[in-house]
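1. model this:
(chains A and B)
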Amino acid sequence: MISTLAPTGTAPASGMTEASRRRAMAKANRVVTFRIKRCDGPGKASYWQDFKVTVPKNANVISCLQQIAANPVTADGKPSTPVVWDSGCLEEVCGACTMVINGKVRQSCSCLIDDYAPNEGDVMTLEPMSKFPVVRDLWVDRSRLFHNLKRVQAWVPIDGTYNLGAGPKETPASQATHYVLSTCMSCGCCLEACPQFNEIPDQGSKEANEAAWNSAFIGAHAISQARLFNAHETGKELKEERLDVLMGTGGVNDCGNAQNCVKVCPKHIPLTESIAVIGRQVTFHAIAKFFRG
Amino acid sequence: MSHSVAAAPDQSFLDKNYFLIRRLHSLTGIVPIGVFLIAHLVTNSSAAWGAFALREQLPGVNATADKGLAYFWKEVMWINTQIPHLLLIEITLWASIAFHSVFGVYFAMSGKSNTNRYSYQSNWRYSLQRISGYIGILFIFYHVATLRWGWTFLVPGGTKWSAEFAGSTLAAAIQGSENGYTFGGVLVTLLYFLGVTMLVYHFANGLWTAAITWGITISAAAQRRWGYVCAGLGAALMVMGWVSILVFAVVNPGLTRELEEGLQKGHSSLVEPSGNERLARAVRHDDELVVGGMNLNSNRTSKE
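-> Numbers count the residues shown, from 1 in each chain, chains lettered A, B, ... in the order given. Now for the predicted structure:
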């Protein structure tokens, strides 16, 4: 049975959640089928392959992929190649291992099999994110995500030839608002779930790809980071330049308010609030530009 | 420091005016289209509740249903004879609807529905906003073309709508004939229910998203509160829309026409000619032209 369970992070904090109920009933050393969408390289056709994995208690997707890599034989006994995936921190702070698990995007390192497939014979489906070009199997190229952060100059401009001294002070209240925004790990969940952020086929060159990315929706992650750095006392210096980009083609106006981003964000960043804040900033920015020039 | 993403020299007209077009798209949905929608549904539904708003006793109009139809008829006549610059208002509306439609379809094309995977309520509303827009465009075109522009070949039964017989011609147009329902009429009525439902939803949900777009509602709590307001307005408009269609789906076109003829004859003050007509008649000496208590035609009439 394929589970359609939501990521555990979105479950209510109180009471026994569906995930914790499954976790409690999960049997040790059960055999779970991993149905994996594979791809041998960029531009090649995808295909599905099943692997049977003996799952101990508290296993996560990565540890099961390691088992498959150690013994890459499909469910029907045919030798195959190890499934390729990307990962880094293994503690849900780097975002590299993001993939589509049972139809929904999340990090695979923090995805416990017990929550999704507690019974013998349960099926887990793993797919690469669909909005980015596949490098191989579950590994995607997220360059566009990082390029879009560059579009809004999502940083504090401190590079120079002399010491700028200590940074400005921040109140505890603004710190509380900014901290959660700063936890964004650029994983791509918000983009994968967004109906306005869609795959752009390879344009043939880096320049052509970047030009195509520049006119498509920038994504909730970049809008939220622009909000963070627009609020930063030093980051403010680039506020007008960020807003110029965000009021243009592919900017904040391209948001369709489906609000999937905020629901799939593993860091619970108030992305829809950030979108509204930037909406307000571009409104005032546009009025100011109209009258001031 | 600045990136290559700043204004490229070969930008298209759309790219150069992107913000303006996006925000005009948002604004036109509220003013004038949304405001007109409210006024339109209030007027149309008055056929149902008009009996309670009618301020005078009309000869031969006694039943509650007749009073409602009489009130509706009065309202439509007032709109069509008294509102200044009516054609200008109409052209502004048509232009706004065309603009909102063309760019709405263009913008919607950049999205790709994914409710199959992310079946959140807000995601369904996103998809329905686009579907309701497409259906709404087709419905408004049919509605305006048949009832306002007189494209009677699109009306089963070929009824031509007129303000003097607003209720009876509307009933005949949506029932398919002047003698009651035909198969074509059933289809037209269903189209009206679908079209009105979609458009009211589109307006209510659009009002909710516009508040985010313009940066009026910021926090999730504020968005939820404004959501209740939009849902309340949408529910009220939905009831008005459905009731309007229901009234003209059930009234007898023939009897309604008799009522309207009676209203025109028996209560001529209701068919007050417009200012221009009055002036024209006065100039032709048919009528007395009274301005500021002075009869401007009195001398000439007495000489003749």
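
2. would you list every one of the strands in the stretch 101-250 of chain A?
-> With DSSP state E, counting those that start in this stretch, the ranges of strands along the stretch 101-250 of chain A come out as A:104-107, A:123-127, A:134-136, A:139-140.

3. Number of residues surrounding the residue in chain A positioned nearest to chain B?
-> At 2.4 Å from chain B, residue A:280 is the closest residue in chain A, using C-beta to the nearest C-beta. Bear in mind the C-beta positions are built from the backbone N, C-alpha and C, glycine included. Residue A:280 has 18 neighbours, counted by other C-beta atoms under 10 Å in any protein chain shown.

4. and it, what element?
-> Following DSSP states H and E, the helix or strand that holds residue A:280 is helix A:271-292.

5. How is the chain divided into domains?
-> With no chain named, the answer covers chain A. A:8-136, A:142-292 (automatic domain parsing).

6. other chain: chain B
-> B:13-110+B:120-272, B:275-304.

7. Could you pull up the mean pLDDT of the longest one?
-> Confidence over domain B:13-110+B:120-272, taken as the mean pLDDT, stands at 95.

8. what residues does chain B put near chain A?
-> Residues of chain B that fall close to chain A, judged by C-beta under 8 Å from any C-beta of the partner chain: B:1-7, B:14-15, B:18-19, B:22-23, B:107, B:110-114, B:117-118, B:120, B:122-123, B:125-127, B:129, B:208-209, B:212-220, B:223.

9. before we move on, the earlier item: give the contact list for the residue of chain A closest to chain B.
-> If you count contacts by C-beta atoms under 8 Å, 6 or more residues apart in numbering or on different chains, residue A:280 has them with B:214-216, B:218.

10. please redo it, this time with the cut-off set to 6 Å
-> Listed by C-beta atoms under 6 Å, 6 or more residues apart in numbering or on different chains, the contact set of residue A:280 reads residue B:215.

11. and if you look at the one 3 residues further on?
-> Taking C-beta under 6 Å, 6+ apart, we find residue A:283 in contact with B:214-215.

12. three-state assignment of the residue of chain B found nearest chain A?
-> When scored by C-beta to the nearest C-beta, chain B has residue B:215 as its residue closest to chain A, at 2.4 Å. Secondary structure, DSSP: H, G, I helix; E, B strand; the rest coil: residue B:215 is coil.

13. what number of residues lie near it?
-> 18.

14. and what of residue B:225?
-> 12.

15. For residue A:34, which non-adjacent residue is closest in space?
-> With sequence-adjacent residues excluded and distances taken as C-beta to C-beta, 6 or more residues apart in numbering or on different chains, residue A:34 is closest to residue A:51, at 4.6 Å.

16. now swap in residue B:226 and tell me
-> residue B:217 (4.6 Å).

17. Which residues are in contact with the one you found?
-> B:211, B:223, B:226.

18. go on, residue A:219?
-> With contact set as C-beta under 6 Å, 6+ apart, residue A:219 has these partners: A:148, A:191, A:197.

19. One more: residue A:184?
-> A:221, A:269.

20. 7 Å - rerun?
-> A:221, A:224-225, A:267, A:269 (C-beta atoms under 7 Å, 6 or more residues apart in numbering or on different chains).

21. tell me the two of the residues you listed that are most distant?
-> Largest separation among the contacts of residue A:184 by C-beta to C-beta: A:225 and A:267, giving 12.4 Å.

22. Please point out which parts of stretch A:120-130 sit buried.
-> By neighbour count on 16 or more other C-beta atoms under 10 Å in any protein chain shown, the buried set for stretch A:120-130 is A:122, A:124-130.

23. Mind putting the residues you listed into JSON lines with pLDDT and distance to residue A:31?
-> Formatted as JSON lines, the buried residues of stretch A:120-130 follow (pLDDT from 0 to 100; distance: C-beta to C-beta, whole Å):
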{"residue": "A:122", "pLDDT": "96", "distance to residue A:31": "9"}
{"residue": "A:124", "pLDDT": "98", "distance to residue A:31": "12"}
{"residue": "A:125", "pLDDT": "98", "distance to residue A:31": "16"}
{"residue": "A:126", "pLDDT": "98", "distance to residue A:31": "16"}
{"residue": "A:127", "pLDDT": "98", "distance to residue A:31": "21"}
{"residue": "A:128", "pLDDT": "98", "distance to residue A:31": "24"}
{"residue": "A:129", "pLDDT": "98", "distance to residue A:31": "27"}
{"residue": "A:130", "pLDDT": "97", "distance to residue A:31": "28"}
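
24. so can I have CSV of the residues you listed showing distance to residue A:43?
-> Putting the buried residues of stretch A:120-130 into CSV (distance: C-beta to C-beta, whole Å) gives the following:
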residue, distance to residue A:43
A:122, 33
A:124, 27
A:125, 23
A:126, 21
A:127, 17
A:128, 14
A:129, 17
A:130, 15
